[in-house]
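A.B. asks: need a 3D model of the sequence below.
(chains A and B)
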Amino acid sequence: MDRIAFLLATGLARGLVIALFALSLVIIWRAARIVNFAQAAMAVVAVFVAFAVTALTDSFWLGLVAALVAGAVVGYAVERWLIRLVPARTPLPGMIVAIGLVMVLQAGIGIAFGPQHRPMAAPFSEQPFTVGGVPVLSPYDLFVLLVALGVVGGLALLFNGTTLGLQMRASAMAPEVSRLLGVRVPRMVTLGWMLSAAVASLAVLLLVPTELGLNAHSGDVLFVHAFTVAVLGGLDSPVGALVGGIVVGVLISLVTGFLGAGLAPIAVLALLTLVLLVRPGGIFAVKEARTA
Amino acid sequence: MSPATPRPTTAAAAPAGASPAAPAALGVEGLTVGYAGAPVMADLTLEVPAGQIVALLGANGAGKTTLLRTVSGLLTPRSGRVVLDGEDLSAVSVEDRVRRGLAQVPEGRSVVAELSVEENLHLGALWKIPARRARRDAVEAMYDAFEPLSRRRRSLGHQLSGGERQMLSLARALIAEPRVLLLDEPSLGLAPRVVAQLLDTLRDTARRTGLTVLLAEQNVTSALSVADRGVVLGLGEIVADAPAADIAADPALRHAYLGF
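C.D. replies: This is a model prediction of the structure:
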């Protein structure tokens, strides 16, 4: 029983990081109708900047701010000077260019910084609290949980409670109609990329202290899990990303704890297959009630 | 027996309710537009006087939608220009044409399906009325003008009926108080009663606010019933430009170009 409680708690913390990254994929899908396969590689570039800032200033917090800013800058640069040049009649060319970008960024990071993992210290202890003798969340897990919930709440407020969010949603769903209503759609798409890349960078930054360290591939597994989550929840659904992230995080934790780490990816893919068979649009996909 | 081809006519008399000396709110001059090498219209010139409703008539493929999309800036002409209140819009983006008072309701009930009725209306007013409270008042005014929408405030666009969607598209265009409205096939797929109701609202709004309207329609009878003038397009050229009543009364023209 103690073991289950521990695995559930660690699964929740890991799941929230996955949810955060999945949310970044949802944002970019909603803003630009593209599955950005370069999201993890872009985030790792920003986290390298954060790593440098933390190393120079000895402050995790300045590094965190640097990750957000660098993520937004990378998002801006990729959209403005690369993706905007790609024909957008179908999503495929954008996806292929994004995959190419992954190769360029990962090779570039590898050439510049080598293959080794660079450890990053967490700002809080990773030793779990014990409740009634049962180890549960660590202070760092709690920090991750609060940050993830704060970001999810902030994004929900942005998209549903502000005029900027309304314009971003409309631009993604109906770009031509939005232009005819005076919305500056290209600007909204750029903002979507910046926001999405910043959130992804934050997710990778939160993950790195709990892993071996930072290198060019630090975001790869996170991307695979988050992509699964985004598809599970429905690429259009922030709530789906949040719930799906927690479900996948807990599933990985339980399978790793009871059956071994090697079976965790199979469990995730089995869950994905099951959901797609039952509900191909994702669990939280909007159901169209009327089409005529 | 083939019908005699009517000779192009021009407005010889002022339409009822409009000043003959009304300056053109919207003009297209020598417009040539095409898709992938195939010209859709060549050297087309047209004026829409301020405060008038001009019905743009013609069969499928005549170039009505192409003309409207070129005027709003969605299509770039090969040559010629669009003029709004004397200003050449050639270098003006779609978004900035909207800010100059040019609104378009595209074909196909263009509501944003995933947004609610309320959000669609706010979206239409955002550039003009940034203050939330004033915008809310403007949205309420639209609910008063289009009463059925007030009962569907929280419904998503895709949950509306065809008539409600078209009503929402029109309300969303009018909320920013444009000077010129381009309306593309508002009757498409709607019941005659709903079409009549929509066009009545359009006519009342135009009379009350001085709105200039270019109304592209295949439903000739309905369009001419509210229009001051009719312009008939045939394969990218203007084949008739006359008061609405004259076009409605010209059997040769109706038979040759309008299919009834």
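A.B. asks: please, which helix or strand holds residue 222?
C.D. replies: All of this refers to chain A. helix A:220-233 (DSSP states H and E).
A.B. asks: wait, chain B was what I had in mind.
C.D. replies: Element membership for residue B:222, per DSSP H and E: helix B:220-226.
A.B. asks: which pLDDT value belongs to the closest residue to chain B within the stretch 151-292 of chain A?
C.D. replies: Sorted by distance to chain B under CB to the nearest CB, the residues of the stretch 151-292 of chain A start with residue A:182, at 3.7 Å. No exception for glycine: its C-beta is placed from N, CA and C like everyone else's. With respect to pLDDT, residue A:182 scores 95.
A.B. asks: how far off centre is the lengthiest helix in chain A?
C.D. replies: Longest helix in chain A by number of residues (criterion: DSSP state H): helix A:2-32. Centre-to-centre, helix A:2-32 and its host chain are 8 Å apart (CA atoms, centre = their mean, to the nearest Å).
A.B. asks: ok, stretch B:205-223 next?
C.D. replies: Counting by CA atoms, centre = their mean, stretch B:205-223 comes out at 7 Å from the chain centroid.
A.B. asks: burial of the residue lying closest to residue B:119 once chain neighbours are set aside, as a residue count?
C.D. replies: Once flanking residues are discounted, residue B:119 sits nearest to residue A:166: 6.0 Å by CB to CB, 6 or more residues apart in numbering or on different chains. Using other CB atoms under 10 Å in any protein chain shown, residue A:166 has 22 neighbouring residues.
A.B. asks: surely residue A:166 is within a helix?
C.D. replies: Yes. Per DSSP: H, G, I helix; E, B strand; the rest coil, residue A:166 lies within a helix segment.
A.B. asks: check it and give its pLDDT.
C.D. replies: 94.
A.B. asks: residue contacts, it?
C.D. replies: By CB atoms under 8 Å, 6 or more residues apart in numbering or on different chains, residue A:166 lies in contact with A:159, B:115, B:119, B:122-123, B:126.
A.B. asks: so the residue of the stretch 151-292 of chain A closest to chain B makes contact with residue B:127?
C.D. replies: Yes. Using CB atoms under 8 Å, residue A:182 is in contact with residue B:127, at 3.7 Å.
A.B. asks: what touches both of those two?
C.D. replies: B:95, B:98-99, B:176.
A.B. asks: from those, pick the one nearest chain A.
C.D. replies: Nearest member of the shared contacts of residue A:182 and residue B:127 to chain A, counting by CB to the nearest CB, is residue B:98, at 3.9 Å.
A.B. asks: can you report how many residues lie near that closest one?
C.D. replies: Using other CB under 10 Å, residue B:98 has 25 other residues around it.
A.B. asks: ok, which stretches of chain B are strands?
C.D. replies: Along chain B, the stretches classed as strands by DSSP state E are B:24-35, B:38-49, B:53-57, B:79-84, B:87-88, B:102-105, B:180-184, B:212-217, B:229-234, B:237-243.
A.B. asks: could those strands be laid out in CSV, adding mean pLDDT and distance to chain A?
C.D. replies: Formatted as CSV, those follow (pLDDT from 0 to 100; distance: least, CB to the nearest CB, whole Å):
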stretch, mean pLDDT, distance to chain A
strand B:24-35, 90, 14
strand B:38-49, 89, 18
strand B:53-57, 94, 18
strand B:79-84, 95, 15
strand B:87-88, 94, 17
strand B:102-105, 95, 5
strand B:180-184, 95, 9
strand B:212-217, 94, 14
strand B:229-234, 91, 22
strand B:237-243, 89, 25
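A.B. asks: closest one to residue A:73 among these?
C.D. replies: Closest of the strands of chain B to residue A:73 is strand B:102-105, at 35.9 Å (criterion: CB to CB).
A.B. asks: count of neighbours near residue 29?
C.D. replies: As the question left the chain open, I've gone with chain A. Residue A:29 has 21 neighbouring residues, counting by other CB under 10 Å.
A.B. asks: nope, chain B please
C.D. replies: 15.
A.B. asks: which residues does it contact?
C.D. replies: Applying CB under 8 Å, 6+ apart, one finds that residue B:29 lies in contact with B:45, B:80-83.
A.B. asks: residues from chain B in reach of chain A?
C.D. replies: Chain B has residues B:72, B:74, B:94-95, B:98-99, B:103-104, B:106, B:110-115, B:119, B:122-124, B:126-128, B:130, B:132, B:156, B:158-162, B:172, B:176 near chain A, with proximity defined as CB under 8 Å from any CB of the partner chain.
A.B. asks: ranges for the helices of the chain?
C.D. replies: I went with chain A, as the question did not name one. Ranges of helices within chain A are A:2-32, A:39-57, A:60-81, A:91-113, A:139-161, A:163-173, A:175-180, A:185-207, A:220-233, A:238-259, A:264-278, based on DSSP H.
A.B. asks: that answer is for a different chain, and I need it for chain B
C.D. replies: B:64-72, B:94-99, B:117-125, B:132-145, B:147-150, B:162-174, B:192-209, B:220-226, B:244-248, B:251-253.
A.B. asks: output the shared contacts of residue A:182 and residue B:127 as JSON lines; include the columns distance to residue B:240.
C.D. replies: Formatted as JSON lines, these follow (distance: CB to CB, whole Å):
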{"residue": "B:95", "distance to residue B:240": "34"}
{"residue": "B:98", "distance to residue B:240": "30"}
{"residue": "B:99", "distance to residue B:240": "34"}
{"residue": "B:176", "distance to residue B:240": "32"}
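A.B. asks: let's have those in a markdown table, adding pLDDT.
C.D. replies: Listed next are the shared contacts of residue A:182 and residue B:127 as a markdown table, based on pLDDT from 0 to 100:
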| residue | pLDDT |
| --- | --- |
| B:95 | 96 |
| B:98 | 97 |
| B:99 | 96 |
| B:176 | 94 |
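A.B. asks: which of those residues count as buried?
C.D. replies: For these, a burial check counting by 16 or more other CB atoms under 10 Å in any protein chain shown picks out B:95, B:98, B:176.
A.B. asks: looking at these, which one is closest to residue B:231?
C.D. replies: residue B:98 (23.4 Å).
A.B. asks: keeping just the C-alphas, turn stretch B:91-110 into CSV.
C.D. replies: Taking Å, rounded to 0.1, in the frame of the first residue of the first chain, the C-alpha atoms of stretch B:91-110 are listed here in CSV:
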residue,chain,number,x,y,z
ALA,B,91,-1.2,48.6,-50.8
VAL,B,92,-3.6,48.2,-47.9
SER,B,93,-3.8,44.8,-46.1
VAL,B,94,-7.1,42.9,-45.5
GLU,B,95,-6.9,43.8,-41.8
ASP,B,96,-6.3,47.5,-42.5
ARG,B,97,-9.1,47.6,-45.1
VAL,B,98,-11.4,46.4,-42.3
ARG,B,99,-10.1,49.3,-40.1
ARG,B,100,-11.0,51.7,-42.9
GLY,B,101,-14.6,50.6,-42.8
LEU,B,102,-14.8,47.7,-45.3
ALA,B,103,-16.5,44.6,-44.0
GLN,B,104,-17.1,41.3,-45.8
VAL,B,105,-19.4,38.4,-44.9
PRO,B,106,-18.0,35.6,-47.0
GLU,B,107,-20.0,32.8,-48.5
GLY,B,108,-21.0,29.9,-46.4
ARG,B,109,-22.1,31.3,-43.0
SER,B,110,-18.6,32.1,-41.8
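A.B. asks: report the buried residues of that stretch.
C.D. replies: Using 16+ other CB under 10 Å as the test for burial, stretch B:91-110 gives B:92, B:94-95, B:97-98, B:101-107, B:109-110.
A.B. asks: and those, which two are the farthest apart?
C.D. replies: Farthest pair in those (CB to CB) is B:92 and B:109. Separation: 26.7 Å.
A.B. asks: quick one: the nearest residue to residue B:26 once chain neighbours are set aside from residue A:143, how far?
C.D. replies: Sequence neighbours aside, residue B:48 is the residue nearest to residue B:26 in space, at 4.2 Å (criterion: CB to CB, 6+ apart). Using CB to CB, to the nearest Å, we find residue B:48 at a distance of 63 Å from residue A:143.
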